[in-house]
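Colleague: quick one: sequence and predicted model below, then my questions.
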Amino acid sequence: MSGFETLKSNTDFRRAYGRGKAYTNPALVTYVNKNRAGICRVGITTSKKIGNAVQRNRTRRVIRAAFAQLVGEVRPGYDIVFVARTKTVYKKSTEILEIMRMQLDSAGLLQ
């Protein structure tokens, strides 16, 4: 999966939460923040509210798989943080893909 990097540092996540614009859905919250790197950087957050480690890891895999299908359409130069909600556990990657497409389109990030 090329075309994007992952966000790893806490400061990058905090910057996206604080300065970024949030797009919400009952299954997924997306924070979008412009960066100077010129590439798309993506972070995924799942809290313990989601469930045990197996459910959190599955949720991250589903979000990552959905974004992998959209990565070619996303404009570079933005930090995107996806925050899983409790309803995300029960969704499939195709459903998350449609939610993600709707949120990124309203953010103006799809080409």
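Modeller: Looks like it arrived, so ask away.

Colleague: got any ranges where this protein has weak pLDDT?
Modeller: 1-2 (pLDDT under 70).

Colleague: in it, where's the longest helix?
Modeller: In terms of residue count, the longest helix belonging to the chain (DSSP state H) is helix 53-70.

Colleague: strand partners (parallel or antiparallel) of the helix or strand following that one?
Modeller: Following helix 53-70 in sequence order, the next helix or strand is strand 78-84 (DSSP states H and E). Applying DSSP bridges, strand 78-84 is found paired with strand 28-34 (antiparallel), strand 40-45 (parallel).

Colleague: now strand 78-84 against helix 53-70, angle please.
Modeller: 140 degrees (axes from the mean of the first three to the mean of the last three Cα atoms, to 10 degrees).

Colleague: can you name the element that comes right after strand 78-84?
Modeller: Following strand 78-84 toward the C-terminus (DSSP H and E): helix 93-107.

Colleague: how far is that next one from where the chain is centred?
Modeller: 10 Å (Cα atoms, centre = their mean, to the nearest Å).

Colleague: follow-up on the earlier one: so which of the strands paired with strand 78-84 is nearest residue 87?
Modeller: strand 28-34 (8.5 Å; Cβ to Cβ). Using the backbone N, CA and C atoms, a C-beta is placed for each residue, glycine as well.
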